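Peer 1: my questions concern the predicted model and sequence given below.
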2 protein chains.
Amino acid sequence: MHLQIATISNIPRLTRTFSKSLPNPATFHQNFHINHIIKLLHIPPSHSILLYEGAFTDDGFDNRITRLFGTRYPIIQAGMIWASGWKLASAVSSAGGLGLIGAGSMYPAILREHIRHCKEATDKPFGVNLPLLYPDIDQHVQVILEEGVPIVFTSAGNPKTWTARLKEAGIKVVHVVSSAKFAKKSEDAGVDAVVAEGFEAGGHNGREETTTMCLIPAVRPAITIPLIAAGGIASGRAMLAAMALGAEGVQVGSRFVCTPEASSHIAFKEAIVQAGEGDTMLSMKSLTPVRLLKNHFFQQVREAEERGATPVELEDLLGRARAKRGMFEGDMQEGELEIGQVSAHIREIKPAAEIVAELWDDFGKAARQPFAW
Amino acid sequence: MHLQIATISNIPRLTRTFSKSLPNPATFHQNFHINHIIKLLHIPPSHSILLYEGAFTDDGFDNRITRLFGTRYPIIQAGMIWASGWKLASAVSSAGGLGLIGAGSMYPAILREHIRHCKEATDKPFGVNLPLLYPDIDQHVQVILEEGVPIVFTSAGNPKTWTARLKEAGIKVVHVVSSAKFAKKSEDAGVDAVVAEGFEAGGHNGREETTTMCLIPAVRPAITIPLIAAGGIASGRAMLAAMALGAEGVQVGSRFVCTPEASSHIAFKEAIVQAGEGDTMLSMKSLTPVRLLKNHFFQQVREAEERGATPVELEDLLGRARAKRGMFEGDMQEGELEIGQVSAHIREIKPAAEIVAELWDDFGKAARQPFAW
């Protein structure tokens, strides 16, 4: 555990008191974790005690998120339907982030194949994103247990249902939420960390419409477990912003769709590169809110909503397999295209490893020089 | 101009080249602004040249925003209807921020009174927020010119119409936008700076629904003039996040409504303190999108929208003086209550000077220790 001097120097009373008792104050910074100092000095718990801290290391970052997952960087690639199979997940994991296989668009047998390929393709930790409302959820969990997946992100459901079972098997469990209330419920359910996803995120989204800027500071004081920010993050600067707000890591979705490794249709990737400001919108609020790239299907939904369509009418309009048709098969007009607001910033398709390296590089630069451009 | 060593050290090539030619490299950091170095070394303009930088000073901050306004801190209090009169504006300005009088809810004679009181109450710079769609806009401008107001923030209109006239009189002009496209138009119109306001902000809002997290990184590369972030900012950590994203200052609205100095009705201030997550929502999208605190009026609008009401029907429902009735007269059920999503974080009413001091203090702590909590 290496602690930056800058971090410790912010608790001057502690450092002065303690370092005086050391023969060589310089060794103090290398050898003592702040929690050791707090313990040794018998400081009572109060707001002055750190809940967590993080620091750059020689080749990455050290904080509760990188320790929890065993990754080099606190960067997680979101498990997205029709986008993140083993190719994307293993590329991100090999590059130092945490890659997630998106189980939501896979039959159990397909999920098993992807997990096996991922294990072959990388010796680094990876995980599976598991939407809890999936009809074959029991079979998915069975595959995950049998294949020894080390990390599972659950979403769209009650974290109480599966957390204990997964944790018994030694799996690290993270739940995705869009409010402080459900973050607390997830902590109570025993998860290891929480992803808080803001309104700007692609795909399914919270009814409160809380943005990342407002959500992270709301969730932070509600829980003590590690917090990962999602929604609107596709650059090292946004990563720094999220961490300044109280997150210990970031989950990046949209940016990783525009990679050769993503299984998304090339027409969808190109449409994201072309997208500008205002080109995504939260849709189908009376059903399940979902952020979509605007196209003919989106316009049909909007017109239906404007004339006061019922949820049943919207379900009929949605039909079956719209998401696959759009994101996987490349029907840019009639398909459902789930992507985040941050698509407006994405200008090219490039390998996942390059994206991870750029995120990390820009994050480091921004951290050293947050007030310059 | 005092420049942090940390800032300069990020341009190692420049510093090495230049400091070698100095007899005492230590004096280099104190005496030379980075732009001097760039000029002296004949470096051609490129992406490696800084557009701006900022640094803490002994009693505040030095960057393009504090220099533009002559304030100690890069903190602006938003000019809000029925909230920010001379009492709030002068309190914020005296505390080191930039206070703005909100002209949108004032007759020209009332605006003149507020400007005069503000000049008596503080010897620090202050400004006026001027919604350009106001019917008596000519008279408002006349009052501003006659009273020698040094700074004007314009909003809700075309920046081309009034910028030249105001700047001829030596007034600093800032325009409020919600997209990169209009930020560029504002720069072209000759304004001195831009406020980019995200979806989470209270009151009137952009149709693109771009959040602060996505808006600031979109606006930053579109303009070269100073950029102020607004929407979702009520803490020093959110301030750091906004600046990490590319803003050089922040405009804080909702937080300053909950002050004794705000002219808002006490019932409204207390309702904000009680508000939790999901308690505000963007409303009246087919008319002019506005973020409101949920109450009976809001529900009526929502029901009307859900059954497909026309803009004319919504206008009838809105009627006249709804905003005054709610925010100024304290009708919490039938009034229009404009407030930001960040109201969920506001826990008490406290003096404006305390809020400024806390923002500054927390911003400094966060900047020193962004990866700890």
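Peer 2: That came in fine, so what should we check first?

Peer 1: distance of A:N295 relative to A:I75?
Peer 2: Going from A:N295 to A:I75 by Cβ to Cβ, to the nearest Å gives 30 Å. Bear in mind the C-beta positions are built from the backbone N, C-alpha and C, glycine included.

Peer 1: those two: which is more packed in?
Peer 2: A:I75 (30 against 18; other Cβ atoms under 10 Å in any protein chain shown).

Peer 1: A:I65 reaches A:E248, doesn't it?
Peer 2: Yes. Counting by Cβ atoms under 8 Å, A:I65 does reach A:E248; the two are 4.6 Å apart.

Peer 1: tell me what the helix ranked longest in chain A is packed against?
Peer 2: In chain A, assigned by DSSP state H, the helix with the most residues is helix A:352-368. Secondary-structure packing of helix A:352-368 (3 or more Cβ pairs under 8 Å, 6 or more residues apart in numbering or on different chains; DSSP states H and E): strand A:75-77, helix A:86-94, helix A:236-244, helix A:254-257.

Peer 1: flag every buried residue along stretch A:53-69.
Peer 2: For stretch A:53-69, burial by neighbour count (16 or more other Cβ atoms under 10 Å in any protein chain shown) applies to A:53-56, A:61-66, A:68-69.

Peer 1: which residues touch that stretch?
Peer 2: Outside stretch A:53-69, the residues within contact range by Cβ atoms under 8 Å, 6 or more residues apart in numbering or on different chains are A:1-4, A:7, A:34, A:52, A:71-74, A:76, A:96, A:98, A:125, A:127, A:151, A:172, A:192-193, A:226, A:228, A:243, A:248-249, A:360, A:364, A:367, B:369, B:371-373.

Peer 1: low-scoring stretches of chain A, by residue?
Peer 2: For chain A, residues meeting the criterion pLDDT under 70 lie at A:1-48.

Peer 1: can you list the residues of the stretch 251-373 of chain A near chain B?
Peer 2: A:277-278, A:281-282, A:286, A:306-308, A:341-342, A:344-345, A:365-373 (Cβ under 8 Å from any Cβ of the partner chain).

Peer 1: how about 7 Å then?
Peer 2: A:277-278, A:281, A:306-308, A:341-342, A:344-345, A:366-373 (Cβ under 7 Å from any Cβ of the partner chain).

Peer 1: quick one, what contacts the residue nearest to A:A353 when sequence neighbours are not counted?
Peer 2: Spatial nearest neighbour of A:A353, chain neighbours left out: A:A95 (4.0 Å); criterion: Cβ to Cβ, 6 or more residues apart in numbering or on different chains. Shown in contact with A:A95 (Cβ atoms under 7 Å, 6 or more residues apart in numbering or on different chains): A:352-353, A:356-357.

Peer 1: buried residues in stretch A:141-157?
Peer 2: Buried, per 16+ other Cβ under 10 Å, within stretch A:141-157: A:141, A:143-145, A:149, A:151-157.

Peer 1: okay, those in JSON lines with secondary structure and distance to chain B next?
Peer 2: Converted to JSON lines, the buried residues of stretch A:141-157 look like this (DSSP: H, G, I helix; E, B strand; the rest coil; distance: Cβ to the nearest Cβ, whole Å):
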{"residue": "A:V141", "secondary structure": "helix", "distance to chain B": "31"}
{"residue": "A:V143", "secondary structure": "helix", "distance to chain B": "35"}
{"residue": "A:I144", "secondary structure": "helix", "distance to chain B": "31"}
{"residue": "A:L145", "secondary structure": "helix", "distance to chain B": "34"}
{"residue": "A:V149", "secondary structure": "coil", "distance to chain B": "29"}
{"residue": "A:I151", "secondary structure": "strand", "distance to chain B": "22"}
{"residue": "A:V152", "secondary structure": "strand", "distance to chain B": "25"}
{"residue": "A:F153", "secondary structure": "strand", "distance to chain B": "21"}
{"residue": "A:T154", "secondary structure": "strand", "distance to chain B": "21"}
{"residue": "A:S155", "secondary structure": "strand", "distance to chain B": "19"}
{"residue": "A:A156", "secondary structure": "coil", "distance to chain B": "18"}
{"residue": "A:G157", "secondary structure": "coil", "distance to chain B": "19"}
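
Peer 1: okay, domains of chain A per the record?
Peer 2: For chain A, automatic domain parsing gives the domain ranges A:2-53, A:61-262+A:345-368, A:276-342.
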